[in-house]
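Student: using only what follows, build the 3D model:
(2 chains)
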Amino acid sequence: MRSLIVIAACVLAVLGLILALPTPDKHPETRKQEAREFAIVDTRIFDGQAFHASADIWVQDGSIVAMGENLDIPARVERIEGAGDTLLPGLIDAHVHTFGQAQSDALRFGVTTLLDMFTSPALLAEGRRLREDRSQSTKADLYSAGMLATARSGHGTQFGVPVTPVTAPEQAEQWVDARIAEGSDFIKIVIEPGTLWGASPLPTLNEDTVRALVTAAKARGLMALAHVSTQADAIMAIEAGVDGLVHVFADAMASDAFIELAKSNGVFVIPTAVVMAGVGGQLDLEALLAEPGIDQRISQEQRQSLLQESWAKLNGQALLDRSLANVRAMHEAGIVLLAGSDAPNPGTAHGLSLHHELELLVSSGVSPAEALASATSVPAAVFGLEGRGCLTAGCRADMVWVKGNPQTDIRTTRQITQIWKNGRLVDRSFKPSAAASGDNVATDLLAEGVIRTWVPADDRFIGGQSIATILSAENGQLEVKGDLNPGSPFPYSGAIWSPGQPFMTPVDLSDRKRLRIEILGESNEWMVMLFSGSGSNSSVPARVAMEKTATGAAVEIRLEDIQGFDSSQLQAIGIFAVETPREFAFTMTEARLE
Amino acid sequence: MNIATRLNQNSYWQMSLTSWLSLQRMPAYSLPTLLFPIMFYAFFGLVMARGYAQPMMITFSCFGVLGTAMFAFGIGAATERAQGWWLLLRAAPMPLSAMLTGKLVAVMAFSLLIILGISWLAALFGDVRLATLEWVALFVVLLAGAIPFSLLGLALGLWLSPNAAPGVINLIYLPLAFLSGLWIPVSQLPGPLQGLAEWLPPYHLAGLALHFTGTQSGPWVLHLGVLLLFTALCAGLVALSWRRFQGS
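Tutor: Now for the predicted structure:
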């Protein structure tokens, strides 16, 4: 009898432990979100391929249950009437670079999926996790090439994101394996001699290396895409076997030979006409920013990249004309086109530039339905994105509702009234996020673990020709060398450190009072630049000249004395050679933020 | 006659109690068996792969059940058979099925403790929250899932010598767990391996549990069908092995 009691007690205890396992909060808001089920009835629907004049769509738990005319929808389901509006699949931007708040900036403009063509590999793991998370509705989903393949000091190395160059065909396999290990979804190869842009020539990958990279990528089941700016390079890339080109070339009109080659190889093209217009200064940015309601939606970063001065020195009108003519020729030849913006390059911004791209595609003879398909079902098919870019049964409930009819006026895609991501309404107003807490930011910026977060930085970012390299970062000493060359209004070259993640994300360091920097080097002009603000580069950096010493230079800055610097939103600290053009080298021996 | 006396005279009840008792008296075997999958989950599900606490809670529980069932029955049957214990039991006035039931109850009790341990870890350190019904579904599905793997273990235990059993069973159950995505989600396995999962029963058991806990909806009818088929197959194997054992 006693053993029976013991057993009964054990069974009860186990049952109790099972029933005591925690359950979700019964907060009304979250409960409502979980049971999200609704239908939109009698609305115009573009399902990714074709328009339906008046159809119904039924959404349950982030997926589309059914779409069609006169659906039999149960009475329990909340119904939304849709007269006069058009429902589109969440848009896919096939060419972006994900920095800062790109994913939320894009989403507020109806872009629910981003195909990124180069960003920091550090973002990839989180991107992969979030795109599977059907409960989040604040960020567009990310698929990315991660790091790009380029030559040493080639295009793509100027942005402050570390890039491992490919210097020989034999390195291709190892390089691609490293990308796969980092989580890249496809491989992006840069073929950019720089000549088209009126800048000085750039080192670029040769044909053998491109071919080796393409072969390595394909052998591992990854697509290989190429950045090209000239027809010759486009032909070289296609002959090397790439799956697609991520820009239209604009050095020449597309030849019959190119068209034939692209068609017979089934190559797709992401024209990014909008970035051609942007860097050539051919967009009426004031008008774009004057659209009603845009002020509440646009972040400082978006405004900044849109208005950013272009680095290109060329005839913008001719560039755009040739780009659009080539888009027209490729489209007429039946080459598959994907809509992409190349945001955040000058003249573009995440999200809204995809709408500008659609307009440019339509102006090049692409029909509105084809243009919309190039931003929905076509990229989904090309990149194998299941359930995206469509509004049929089983698709994800990523949807954009616009006022008007894009079939007759493609510009109505900008008149967004609602966005759903994973079946949940997206908050379309921009709210600047408070700066992250700086409690965990180190005091000694050259301490082990911190010293490696310094990156080389130079004025190529603003169109200059200076070069900086970090030689070593060990034992509390940061060795930097470089060339300070004329070529931009304010030449600079050196190293930069950012407390935030991703790079340049503001961090609240208002409890720090002093910055002490000491370097060993020649007696010359050195400068500390302090970046702060809530958008990337949103304010001009504060500059403090360093004082020359017997062995180099040093400075101690009382942060509160610096005009135009806000330590509660500190983005980065940079140490630069400035003024006299020269070859330079310095060793930073002290950098303390106390 | 009160319940206690009646139970005391029931050989199924007695064997269940004694199987449990024997496990309880061999902490050197029981504790590692219990703690191994829980520790494994703590390392991989909580420390290494943050953000996957919930799916990994289920697949590692499944891994725990799989191991307990196959070891208790596989190695247990092989050694006890060799020791002559089973011959003795057969001579006793008690159906052999009582012994098997007793073992199964012990396996389920162990599995229950493993799932409970992993679930509480997941809840406390991985912020996993499930509805009460989903928690119950997790336990019901995985405990029922112990049956086919117990049968598989038994079939192996009847064939293998006690020396061979641990090696062979490890050789079967570790790859089975890995390829079924119990440690790493199938989608993260190298491409060629991904296709193998749907041919493996643990994948379907995990799929069933993932589905009914609302973690990842899947074709549960297919999962269930495969598991039933697998159970029948294992039962057939046991019958074959049993005939061989009785002949020996």
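
Student: rest of the way, CA atoms for contacts and neighbours
Tutor: Will do.

Student: my guess is A:P581 contacts A:P486, does it?
Tutor: Yes: contact criterion C-alpha atoms under 8 Å: A:P581 and A:P486 qualify, at 6.5 Å.

Student: tally of neighbours for the residue of the stretch 101-250 of chain A found nearest chain B?
Tutor: Residue nearest to chain B within the stretch 101-250 of chain A (C-alpha to the nearest C-alpha): A:R129, separated by 7.7 Å. Residues lying near A:R129 (other C-alpha atoms under 10 Å in any protein chain shown) number 14.

Student: what of A:P169?
Tutor: 18.

Student: need the helix or strand of the chain with the lowest average pLDDT.
Tutor: Assuming you mean chain A. helix A:28-34 (a mean of 43; mean pLDDT, DSSP states H and E).

Student: that's the wrong chain, I meant chain B
Tutor: helix B:3-8 (a mean of 73).

Student: list the buried residues of the helix or strand following that helix.
Tutor: Downstream of helix B:3-8, the next assigned helix or strand under DSSP states H and E is helix B:11-24. Judged by neighbour count using 16 or more other C-alpha atoms under 10 Å in any protein chain shown, the buried positions of helix B:11-24 are B:11-20, B:23.

Student: go on, stretch A:149-165?
Tutor: So for stretch A:149-165, counting by 16+ other C-alpha under 10 Å, buried means A:149-161, A:163-165.

Student: which strands and helices lie in contact with the least confident helix or strand of chain B?
Tutor: Contacts defined by 3 or more C-alpha pairs under 8 Å, 6 or more residues apart in numbering or on different chains; DSSP states H and E place helix B:3-8 against helix B:11-24.

Student: could you redo the last one with a cut-off of 7 Å?
Tutor: For helix B:3-8, there is no helix or strand it packs on, judged by 3 or more C-alpha pairs under 7 Å, 6 or more residues apart in numbering or on different chains; DSSP states H and E.

Student: and the pLDDT at the closest residue to A:P491 other than its chain neighbours?
Tutor: In space, and not counting its chain neighbours, A:P491 is closest to A:D459: 5.8 Å by C-alpha to C-alpha, 6 or more residues apart in numbering or on different chains. pLDDT, A:D459: 82.

Student: now do the SS call for the residue of the stretch 101-250 of chain A closest to chain B.
Tutor: helix (DSSP: H, G, I helix; E, B strand; the rest coil).

Student: ramachandran coordinates for B:Y173?
Tutor: Dihedral pair for B:Y173: phi -80, psi -30, per degrees, to the nearest 10.

Student: let me redo that: B:F73
Tutor: Torsion angles, degrees, to the nearest 10, at B:F73: phi -80, psi -50.

Student: that one against B:S150, yeah?
Tutor: Yes: counting by C-alpha atoms under 7 Å, B:F73 touches B:S150, with 5.9 Å between them.

Student: which of the residues in stretch A:323-335 are buried?
Tutor: By 16+ other C-alpha under 10 Å, the buried positions in stretch A:323-335 come out as A:323-331, A:335.

Student: can you pull out the strands in the stretch 401-550 of chain A?
Tutor: Using DSSP state E, counting those that start in this stretch, the strands of the stretch 401-550 of chain A run over residues A:416-421, A:424-425, A:436-437, A:455-458, A:467-474, A:477-484, A:492-497, A:507-508, A:514-521, A:526-532, A:542-545, A:547-548.

Student: and the ones you listed, which one's lowest on average pLDDT?
Tutor: Looking at the strands of the stretch 401-550 of chain A, the bottom one is strand A:436-437 with a mean of 72.

Student: ok, and what's touching that strand?
Tutor: A:506-508 (C-alpha atoms under 7 Å, 6 or more residues apart in numbering or on different chains).

Student: what about 8 Å?
Tutor: With contact meaning C-alpha atoms under 8 Å, 6 or more residues apart in numbering or on different chains, strand A:436-437 is reached by A:500, A:506-509.

Student: ok, A:A333 touching A:I259?
Tutor: Yes: under the criterion of C-alpha under 8 Å, A:A333 makes contact with A:I259 at 7.0 Å.

Student: so which residue of the stretch 251-400 of chain A comes closest to chain B?
Tutor: Counting by C-alpha to the nearest C-alpha, the stretch 251-400 of chain A gets nearest chain B through A:G394, at 12.7 Å.

Student: my guess is that residue contacts A:V65. True?
Tutor: Yes: if you go by C-alpha under 8 Å, A:G394 and A:V65 touch, sitting 6.1 Å apart.

Student: Three-state assignment for the nearest residue to A:L17 once chain neighbours are set aside, please.
Tutor: Excluding the flanking residues, the one nearest A:L17 by C-alpha to C-alpha, 6+ apart is B:L116, at 7.6 Å. Each residue gets one of three states, and B:L116 gets helix by three-state DSSP.

Student: sorry, back to before: give me the pLDDT for the residue of the stretch 101-250 of chain A closest to chain B.
Tutor: pLDDT for A:R129: 88.

Student: roughly how far apart are the residue nearest to A:P491 and chain B?
Tutor: Note on A:D459: its distance to chain B, by C-alpha to the nearest C-alpha, to the nearest Å, is 39 Å.

Student: which residue, other than its chain neighbours, is closest to the residue most central in space within chain A?
Tutor: The centroid of chain A falls nearest to A:T98 when counting by C-alpha atoms, centre = their mean (1.9 Å). Nearest residue to A:T98 in three dimensions, chain neighbours excluded: A:T119, at 5.7 Å (C-alpha to C-alpha, 6+ apart).

Student: low-scoring pLDDT stretches of the stretch 301-450 of chain A, where are they?
Tutor: Low-confidence segments of the stretch 301-450 of chain A, defined by pLDDT under 70: A:432-435.

Student: in contact with B:T18, which residues?
Tutor: By C-alpha under 8 Å, 6+ apart, B:T18 lies in contact with B:G102.

Student: pLDDT score for it?
Tutor: With respect to pLDDT, B:T18 has a value of 81.

Student: please apply the same query to B:G247.
Tutor: 61.

Student: surely A:F586 is within a strand?
Tutor: Yes: counting by three-state DSSP, A:F586 is part of a strand.

Student: got the contact list for the residue lying closest to it once chain neighbours are set aside?
Tutor: Spatially, and ignoring its direct neighbours in sequence, A:F586 is nearest to A:G521 (4.6 Å; C-alpha to C-alpha, 6+ apart). For A:G521, the contacting residues are A:551-553, A:585-587, by C-alpha under 8 Å, 6+ apart.
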